[in-house]
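A.B. asks: Mind folding the following:
(chains A and B)
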Amino acid sequence: MQYALLIYENESVYGPEKNNPALREIVAKHMSFKEELGSKRIGGAGLAGSGVATTLRFGNGTKTVHDGPFAETKEQLGGFYLIEAADLDEAIGIAKRVPLSPDGAVEIRPLLGG
Amino acid sequence: MSRSLDRTFRSASARVVGVLAARYRDLDLAEEAFAEACARAAEAWRSTRPERPDGWLYAVAQRCALDLLRKREVRERHIAGEIAADAGAEAAMDEELQFIPDERLRLIFVCCHPAIAPDARAALTLRTVCGLRTAEIAHAFLTSETALAQRLVRAKRKIAEAGVPFEIPGPNLWAERLDAVLSTLEVAYSKAHEDAAAAGPHAPYAEEMLNLSKVLADLIPDEADVLAFAALVRFCEARRPARTDAQGCMIPLAEQDPARWDRALIDEGDRYLKRAFALQASSARLLQAGIHATWCVRKSLDEPPPWPKVLALYDSLASISDNPVTRLNRIVALAEVRGCAAALEEIAGLESAGMDGFLPYHAVRADLFCRAGRSALARSEYDRALALCPGAAEAQWLRRRRDAQLDS
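C.D. replies: The predicted structure is shown next:
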C-alpha cells in the first residue's frame, strides 16, 4: 500500500530565520532519513511556513482567496513523505523514525487506490 | 433458532470468520459470508446434520465469500489462484479446516489494533471473535444498537482502508500491543463478571474468556501479564457456582462457601500465576490475579477471610497503579481490617473522582453507612446503586440490604 506521512509541528520551534540552527539540524536529519528510506520513499517535500500560505475557500457559490493556512492551529502541516509499505504496521514503523520536533505529530494516511 | 444450533454457529464463528478474514483481508466480507452460511445451514440441517458442522459451515461460507466477491466485481484484485468451489471440494475443505490454526488470536490483534478507537475495540472483539450479536453487545455496554452498529462499521472500515495487517505482530511490537489486547479482554470479561448469576446478555462470553485467555497464554507463554490474565479469569470463574444462593441472590465474596468453588479451575489458575511470577516480580495484573488467588486459598467458611493480606496487596497495587477503582476496592478491605471510620474517611476522597455512574461505588458507600448506623444515607445509596441497572442477582441483594435498613 501507499501512505502519506503528514508532519505537524509547532513552527515557532524553527524561528523565522532561514539559517536558524534548529531548522538546519532538522533538515539534515530529513536528508539522511530520505537516504535511509531508499526505494520505500516515493515522494514528499518540506513546506514553507504557514505564514506564506494562501487558502482558497469555496462558499456560497464563489471562490475567495484568503491569507493564511486552512486552520489556525498551534501545529501546522510542515512537510510530508509518500511511502510504500506492506501494511499499516510497517507505515507506523516508518512514521516512528520520521525526524520530529518535541510535541510534533505524524499523521498516517493511506493514499486512495494506493 | 434452536439453542444447540445457536451454540454451533457461535463456536464456529470465530474460526471460520478468522480464516476468511485473513484470506481476503476483509472482516465485512467474512462476516457476511458466514451469516449467509448459517442461514443456509438452518435450512439444510433440518433433515440431517453434517458430521462436522464446522467443516460444512466453512465450505459454504467460503463459497458465499467468492459469490460476494464476484458481485462486488473486485474478484481479480483479491483472489489469486483461489480454490474452485465445486461439489467435490467440500471434503477437502473439511480436511483443510483441521489443519488451520486457531485464528482467534490473529483476529484479536486485528480488533485491538492501536489504530482502532479504544471504545470500539472490545465491541469489535466480542462481535468478531466471540460471535456475539450487535444487540447483545449493545445491551452489555449500555448503549443503543444503532450507536454500536455505527461504531463497528467505522472500525471495520478503518481496518480495511487503513491497511491494518491481518497478522499477529512480531515480538518487538508485543509490549505496545499486548496491553491493548489484555485491556480489551479485561473490559469484555468484567462485563460478564459483574453478572453473578450469568443470566444477563453477556453470560455467553464468560466461558469464551476461559478459552481465549488460554489461546493467548499458549501462543505467548513468556509474558507474565498474559499468564496473570489467564489466572484471573480462572479464579473468578471458579467461584461462580458459589456466587448466588438458592433464591438467585448474590452472595458477597467473604460469605461464599469455598466448598462450592471449582478446585480444578483454581489449580489451573494457580499454575498460570506461578509461571507468571517466575517471569516477573510484579505488575498491576500480577497483583490483581494475586488478590483473587489469595481468596481462593480459603478452604471453608470456618477459616477467617484473608482481609489483612488482601489489604496489603491492594496497598501494593495502589502504589503502582493508583486509580479510583483500585482505591475503592482497597477501601472495602480497609473497612474490614481497620474499621468503618477509617474507610469512610478514605471514601470521602473519592467524591470528585467521577464515580457517580459506577455501581460498586454506591454499593460500598451504602455498606459503610449501614455499619456506621446512618440508615437514611445507606438507603439512598442503595437506591442509587439500584438505579444503575445491576444484574438480577446483584439487584436482589441490594434490595434485601436496603429493606433491612428500613426495619432497623
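A.B. asks: Now do residue B:163 against residue B:180, distance only.
C.D. replies: Relative to residue B:180, residue B:163 is positioned 18 Å away (C-beta to C-beta, to the nearest Å). Using the backbone N, CA and C atoms, a C-beta is placed for each residue, glycine as well.
A.B. asks: ok, for the spatially most central residue of chain A, nearest residue in space, not its chain neighbours?
C.D. replies: Geometric centre of chain A, nearest residue: residue A:79, 2.4 Å, by C-alpha atoms, centre = their mean. Excluding the flanking residues, the one nearest residue A:79 by C-beta to C-beta, 6 or more residues apart in numbering or on different chains is residue A:46, at 4.0 Å.
A.B. asks: phi, psi of the one you found?
C.D. replies: Backbone geometry at residue A:46, expressed as degrees, to the nearest 10, gives phi -90, psi 150.
A.B. asks: For burial, what's the neighbour tally of residue 46?
C.D. replies: Picked chain A for this. A total of 12 residues lie near residue A:46 under the criterion other C-beta atoms under 10 Å in any protein chain shown.
A.B. asks: Chain B was what I was after
C.D. replies: Residues within reach of residue B:46, counting by other C-beta under 10 Å, total 8.
A.B. asks: Same check on residue B:279?
C.D. replies: Applying other C-beta under 10 Å, we find 16 residues neighbouring residue B:279.
A.B. asks: Keeping just the C-alphas, turn stretch B:56-66 into PDB.
C.D. replies: This file holds the C-alpha atoms of stretch B:56-66, laid out as PDB (Å, rounded to 0.1, in the frame of the first residue of the first chain):
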ATOM      1  CA  TRP B  56     -19.800 -27.700   6.500                       C
ATOM      2  CA  LEU B  57     -20.100 -24.000   7.500                       C
ATOM      3  CA  TYR B  58     -16.600 -23.300   6.400                       C
ATOM      4  CA  ALA B  59     -17.100 -24.800   3.000                       C
ATOM      5  CA  VAL B  60     -20.300 -23.000   2.400                       C
ATOM      6  CA  ALA B  61     -19.000 -19.700   3.800                       C
ATOM      7  CA  GLN B  62     -16.000 -20.000   1.500                       C
ATOM      8  CA  ARG B  63     -18.300 -20.300  -1.500                       C
ATOM      9  CA  CYS B  64     -20.500 -17.500  -0.300                       C
ATOM     10  CA  ALA B  65     -17.400 -15.300   0.000                       C
ATOM     11  CA  LEU B  66     -16.500 -16.000  -3.600                       C
END
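A.B. asks: Could you double-check that the residue nearest to the centre of chain A sits in contact with residue A:50?
C.D. replies: No: the pair residue A:79 / residue A:50 is not scored as a contact, 11.9 Å apart, by C-beta atoms under 8 Å.
A.B. asks: From chain B, how far off is the residue nearest to residue A:79?
C.D. replies: For residue A:46, the distance to chain B equals 25 Å [C-beta to the nearest C-beta, to the nearest Å].
A.B. asks: And the pLDDT at that residue?
C.D. replies: We have a pLDDT of 92 for residue A:46.
A.B. asks: residue contacts, the residue nearest to the centre of chain A?
C.D. replies: By C-beta atoms under 8 Å, 6 or more residues apart in numbering or on different chains, residue A:79 lies in contact with A:7, A:30, A:44, A:45, A:46, A:47.
A.B. asks: sorry, back to before: in contact with the residue nearest to residue A:79, which residues?
C.D. replies: A:27, A:30, A:78, A:79.
A.B. asks: and if you look at residue A:102?
C.D. replies: residue A:13.
A.B. asks: Am I right that residue B:302 sits in a strand?
C.D. replies: No: read with DSSP: H, G, I helix; E, B strand; the rest coil, residue B:302 is coil and lies in no strand.
A.B. asks: What does it show for phi and psi?
C.D. replies: Here is the backbone geometry of residue B:302 (degrees, to the nearest 10): phi -70, psi -30.
A.B. asks: quick one on the thing from earlier: find me the pLDDT at the residue nearest to the centre of chain A, would you?
C.D. replies: We have a pLDDT of 96 for residue A:79.
A.B. asks: OK, contacts around residue 22?
C.D. replies: In the absence of a named chain, this looks at chain A. Going by C-beta under 8 Å, 6+ apart, residue A:22 touches A:13, A:14, A:15, A:101.
A.B. asks: not what I meant, chain B
C.D. replies: Residue B:22 makes contact with B:103, B:106, B:166, according to C-beta under 8 Å, 6+ apart.
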